[in-house]
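**Q** dropping the sequence and predicted coords here.
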Amino acid sequence: MLTGIHVCNEMDEHIWRHFVETGPDGNVFHTPEMYQVFARARRHRPSLWAATDASGSPLALFLPVEITVVNPMLRPWTCRAVAYGGLLCADGAAGRRAMGSLLATYSDTAPRRSLVTELRHLSDAADLRQALGDTRFSHEEHLNYLIRLDRPPADLWLGLSKTARQRVRSAKKKGVVVAEVTDMTGGDEAYRLLEQVYHRARVPLADPSLFRGALCLLYPRGMLRIFTARLGEKVIGARFLLTYRGRILDWYAGSDRAFASFSPNELLVWHALRWGQEHGFRVFDFGGAGRPGEHYGPREFKAKFGGDLVNFGRDVLIHAPLRFRMSRLGYAAARGLLWGGAPAGKRAPA
């Protein structure tokens, strides 16, 4: 630990919030509100790791969330810690030094309940690469699409591929409409659609308490929007969006495969883009597009909307190497056991 740097796991909420709101890359996953959402969610355990100077002012933080979304009996083989927003530190050398001290302390003292800690960067963390390497984090390539919203509506529309524009028009002609969810009943309805999608893909989905907590805590603060695509009274698509500091983040999404010809996904994304533009947001973040060189169906879908392909990557710290290797070897079999049938693709389609 560097002289004058204090690593802590508690912070005054007002100081914490101010640091995130004014930090260069503060995002929704760094906020006290998102921490509280995860704290309410079943099988999620968030923690705050922060580095402050001698006066108590924060210089760096991150918020890993311990997650076990499958059978608790399998916790030793499935629990992982994910810092969804990556790292946040103050500009300049002082911030980088504080982050180095914070990562070193975390690497040495973090609980070993998790197999691995994964940092999912929403912005470029190249300046912290040395500190990450020094504390045994290994870097992995990971892509994402970012769509600029601060441009004329005509430019946004022309940024879509010809196929995407055709599908948006087709959805409207076939009577698909987009509705915003504002209450728990609508949120549960959208969640049930996600359940179908994730079960079909044989990928675990977070407990409904995560989404109910988000609707309760984030929606009143303007930090969450849920849009559903409807055909008559039937919900055929849903998108959960996190909205914070000019960024819309595509959090969870799914559609009813039986209604694929009605193009609910394309219509929902287009609606989210236009809504964001009309409400002064600067960027739409697709939340990930897989690894370079690997086939990933959702990347093909996301590419149709004219975003910029970025590679901020992820950094991973393995706490239990043997258990981690064994869990990866058994993952395909476990998916078949827990969700039925033979293993399918890696995650639900966009």
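**A** That came through fine. Numbering: from 1, shown residues only.
**Q** could I get the full set of helices for this protein?
**A** Using DSSP state H, the helices found in the chain span residues 13-22, 32-40, 75-78, 92-109, 129-134, 153-159, 162-173, 184-201, 208-217, 264-278, 297-302, 321-339.
**Q** what's across from the closest residue to Glu140 other than its chain neighbours in the sheet?
**A** Nearest non-adjacent residue to Glu140, counting by CB to CB, 6 or more residues apart in numbering: Arg314, 4.9 Å away. (Glycine included, C-beta is placed from N, CA and C.) Assessed by DSSP bridges, Arg314 has beta-bridge partners Arg120, Glu140.
**Q** that older thread, most packed of the helices of the chain?
**A** Compared across the helices of the chain, helix 264-278 shows the largest average neighbour count, a mean of 22 (mean count of other CB atoms under 10 Å).
**Q** other SSEs contacting that helix?
**A** With contacts defined as 3 or more CB pairs under 8 Å, 6 or more residues apart in numbering; DSSP states H and E, the packing partners of helix 264-278 are helix 153-159, helix 162-173, strand 177-181, strand 224-231, strand 234-244, strand 247-255, strand 283-285.
**Q** let me have those in a markdown table, extended by mean pLDDT.
**A** Formatted as a markdown table, the helices and strands packed on helix 264-278 follow (pLDDT from 0 to 100):
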| stretch | mean pLDDT |
| --- | --- |
| helix 153-159 | 97 |
| helix 162-173 | 98 |
| strand 177-181 | 98 |
| strand 224-231 | 98 |
| strand 234-244 | 98 |
| strand 247-255 | 97 |
| strand 283-285 | 98 |
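**Q** export those to CSV and tack on distance to Gln196?
**A** CSV is the format used below for the helices and strands packed on helix 264-278 (distance: least, CB to CB, whole Å):
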stretch, distance to Gln196
helix 153-159, 31
helix 162-173, 19
strand 177-181, 17
strand 224-231, 14
strand 234-244, 10
strand 247-255, 7
strand 283-285, 25
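**Q** between the ones you listed, which one is nearest to Arg129?
**A** Of all the helices and strands packed on helix 264-278, strand 283-285 sits nearest to Arg129, with 21.4 Å by CB to CB.
**Q** against which helices or strands is that closest one packed?
**A** Applying 3+ CB pairs under 8 Å, 6+ apart, one finds that strand 283-285 makes contact with strand 144-148, strand 247-255, helix 264-278.
**Q** partner strands of that strand and their direction?
**A** Sheet pairing of strand 283-285 (DSSP bridges) gives strand 144-148 (antiparallel), strand 247-255 (parallel).
**Q** for the ones you listed, which one ends up most surrounded?
**A** strand 247-255 (a mean of 23).
**Q** can you give me how far it is from the chain middle?
**A** Distance of strand 247-255 from the chain centroid (CA atoms, centre = their mean, to the nearest Å) equals 8 Å.
**Q** the inter-axis angle of that strand versus helix 264-278?
**A** Here strand 247-255 runs at an angle of 160 degrees relative to helix 264-278 (axes from the mean of the first three to the mean of the last three CA atoms, to 10 degrees).
**Q** ok, and the helix or strand in the protein with the lowest average confidence?
**A** When each helix and strand of the chain is scored by mean pLDDT, DSSP states H and E, helix 321-339 comes last, with a mean of 53.
**Q** show me what the nearest residue to Val181 once chain neighbours are set aside bridges to in the sheet.
**A** Spatial nearest neighbour of Val181, excluding adjacent residues (CB to CB, 6+ apart): Ile226 at 3.8 Å. Beta bridges link Ile226 to Val181, Phe240, judged by DSSP bridges.
**Q** before we move on, back to that, what sits against the residue nearest to Glu140?
**A** Neighbour list for Arg314: Glu118, Leu119, Arg120, His121, His139, Glu140, His142 [criterion: CB atoms under 8 Å, 6 or more residues apart in numbering].
**Q** now do 10 Å
**A** Neighbour list for Arg314: 82-83, 86, 118-121, 125, 137-142, 288, 291 [criterion: CB atoms under 10 Å, 6 or more residues apart in numbering].
**Q** before we move on, what about Phe301?
**A** Tyr145, Ala164, Ala253, Asn265, Glu266, Val269, Phe286, Ala289, Pro349, Ala350.
**Q** please tell me how far it sits from Val7.
**A** Going from Phe301 to Val7 by CB to CB, to the nearest Å gives 41 Å.
**Q** ok, Asn27 next?
**A** In this view, Asn27 and Val7 are 21 Å apart by CB to CB.
**Q** more neighbours: these two, which one.
**A** Neighbours were tallied for Asn27 and for Val7 using other CB atoms under 10 Å; the higher tally belongs to Asn27 (22 against 19).
**Q** leaving out sequence neighbours, find the closest residue to that one.
**A** Per CB to CB, 6+ apart, closest to Asn27 is Gly85, 4.6 Å.
**Q** cool, and Ser138?
**A** Val316 (5.5 Å).
**Q** thinking that neighbour is in contact with Ser114, fair?
**A** No - with contact defined as CB atoms under 10 Å, Val316 does not reach Ser114; the gap is 11.3 Å.
**Q** ends of stretch 252-267, how far apart?
**A** Taking CA to CA, to the nearest Å, stretch 252-267 runs 15 Å from one end to the other.
**Q** oh, that last question was meant for stretch 106-124, not what I typed.
**A** 21 Å.
**Q** kindly report the same for stretch 6-22.
**A** End residues of stretch 6-22 are separated by 21 Å (CA to CA).
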